[in-house]
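# Fold the following, please.
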Amino acid sequence: MEAVILILGLLFFAFVALGVYVGVKAIGAAKRGVDRTITQARRTVEDTTLRAKSYGQPGVSGELAQLRLALRTSMRATQEALQAGVAEDASLSESLGLFQRLSVHGRELDDDLKRLEREPDRATVASMLPGLKQRTERITHSADSLRWAARDRARRFIEDDLDALNAQIDVEAGALRHWTVEPDEPVHRQGDGRDRGQGRETGPGHGQGQNQGQASRPGQEGRRPVDDTAQAITAADPRRQTQYPWQKAARPETTN
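Residues are numbered from 1 along each chain as shown. Sure thing, here's the model as predicted:
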């Protein structure tokens with residue numbers, strides 16, 4: 001009895017521990033989902049704000065907003081392209097590592113631009129704009145180069161696979177059409193046997209002499225005479241002949 005109680009107690013604690021573990025995992029997954037949603041919403045709000053500033057505010061503030069928007073757009077597009085491609089092409093892992101190193105410089109530049117947006121000394125910020133533009137162009141150029149290289153590589157793989165597939169399809173299509181180039185079997189013309197029979201039957205005693213001549217030839221002993229009229233085959237009407245199941249027979253011409 002004590003053993004049964006002990007087993008039941010262990011099972012109860014095991015189920016409780018399992019429930020706590022599942023609950024913690026569920027709460028963690030929900031928290032990560034909420035964090036992703038909040039991050040996405042914050043990113044959307046920031047992009048909308050920067051876009052509004054770049055179009056609505058002239059001067060230094062508008063230029064800083066344009067630099068931040070160009071930087072964020074290029075870096076985000078490159079990250080999405082590399083992360084989507086590395087699942088199919090393992091060679092992009094090195095490119096993804098280089099992009100992560102580039103992202104460090106991108107985040108530093110974005111932080112600098114964000115601080116300069118709150119800088120009251122606009123003259124100093126204006127003097128720094130050429131250097132900030134050059135720095136932004138270098139980072140975005142590197143990010144764009146990685147993104148387009150990954151896309152060109154994926155497109156090249158698709159084209160090579162399509163070329164190989166087209167070649168295989170051409171070979172298969174040629175094999176399927178092989179039967180169309182075979183010559184048709186010759187058809188015996190009507191009346192050939194009759195003409196040959198009539199030619200041999202002209203003249204009295206011609207048949208006996210022919211049989212005797214055939215019997216007198218060496219190597220012909222014991223062979224039966226061949227009836228040529230039995231080989232005569234009546235040719236089919238080509239208008240009513242159907243070669244393949246998908247062809248329809250031509251209708252006969254009506255006579256008045």
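# how near is residue 108 to residue 135?
For residue 108, the distance to residue 135 equals 10 Å [C-beta to C-beta, to the nearest Å]. Using the backbone N, CA and C atoms, a C-beta is placed for each residue, glycine as well.
# More neighbours: those two, which one.
Counted by other C-beta atoms under 10 Å, residue 108 and residue 135 do not tie: residue 135 has more neighbours, with 19 against 12.
# Can you list the low-confidence ranges for the stretch 101-250 of the chain?
Across the stretch 101-250 of the chain, the ranges flagged by pLDDT under 70 are 180-250.
# all strands for it, in order.
Read by DSSP state E, counting those that start in this stretch, the stretch 101-250 of the chain holds no strands at all.
# Show me the helices in the stretch 51-200 of the chain, by range?
According to DSSP state H, counting those that start in this stretch, the stretch 51-200 of the chain carries its helices in the segments 60-86, 92-117, 122-176, 192-201.
# List the contacts of residue 50.
Shown in contact with residue 50 (C-beta atoms under 8 Å, 6 or more residues apart in numbering): 65, 68, 69, 72.
# Let me have the helices of the stretch 51-200 of the chain in JSON lines, extended by distance to residue 14.
Shown next, in JSON lines, are these (distance: least, C-beta to C-beta, whole Å):
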{"stretch": "helix 60-86", "distance to residue 14": "39"}
{"stretch": "helix 92-117", "distance to residue 14": "41"}
{"stretch": "helix 122-176", "distance to residue 14": "49"}
{"stretch": "helix 192-201", "distance to residue 14": "97"}
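# Determine which stretch of those is the most buried.
Of all the helices of the stretch 51-200 of the chain, helix 60-86 carries the top mean neighbour count, a mean of 19, counting by mean count of other C-beta atoms under 10 Å.
# Could you pull up the mean pLDDT of stretch 87-97?
Stretch 87-97 shows a mean pLDDT of 86.
# contacts for it?
Residues contacting stretch 87-97 (C-beta under 8 Å, 6+ apart): 82, 83, 85, 86, 146, 149, 150, 153, 154, 157.
# tell me which of those is nearest to residue 13?
Using C-beta to C-beta, residue 83 comes nearest to residue 13 of these, at 42.4 Å.
# ok, the closest one to residue 36 distance?
Residue 83 is 14 Å from residue 36, by C-beta to C-beta.
# coming back round to it: of all pairs in the contacts of residue 50, which one is the farthest apart?
Farthest-apart pair in those is 65 and 72; separation 10.6 Å (C-beta to C-beta).
# Which among the helices of the stretch 51-200 of the chain is found nearest to residue 4?
When the helices of the stretch 51-200 of the chain are compared by C-beta to C-beta, helix 60-86 sits nearest residue 4, at 54.6 Å.
# how far off helix 92-117 does that closest one point, in degrees?
Angle, helix 60-86 to helix 92-117, by axes from the mean of the first three to the mean of the last three C-alpha atoms, to 10 degrees: 170 degrees.
# Does anything pack onto helix 60-86? Which helices or strands?
When contacts are defined as 3 or more C-beta pairs under 8 Å, 6 or more residues apart in numbering; DSSP states H and E, helix 60-86 sits against helix 2-56, helix 92-117, helix 122-176.
# picking up where we left off before, reformat the contacts of residue 50 as TSV; add distance to residue 167 and pLDDT.
Below are these laid out as TSV (distance: C-beta to C-beta, whole Å; pLDDT from 0 to 100):
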residue	distance to residue 167	pLDDT
65	52	88
68	49	90
69	46	91
72	44	92
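# Which one of these is nearest to residue 41?
Residue 41 lies nearest to residue 72 out of these, by C-beta to C-beta, at 15.2 Å.
# my guess is the closest one contacts residue 47, does it?
Yes: with contact defined as C-beta atoms under 8 Å, residue 72 counts as touching residue 47 (6.8 Å).
# got a list of what the residue nearest to residue 71 when sequence neighbours are not counted touches?
Nearest residue to residue 71 in three dimensions, chain neighbours excluded: residue 136, at 5.5 Å (C-beta to C-beta, 6 or more residues apart in numbering). By C-beta under 8 Å, 6+ apart, residue 136 lies in contact with 67, 70, 71, 109.
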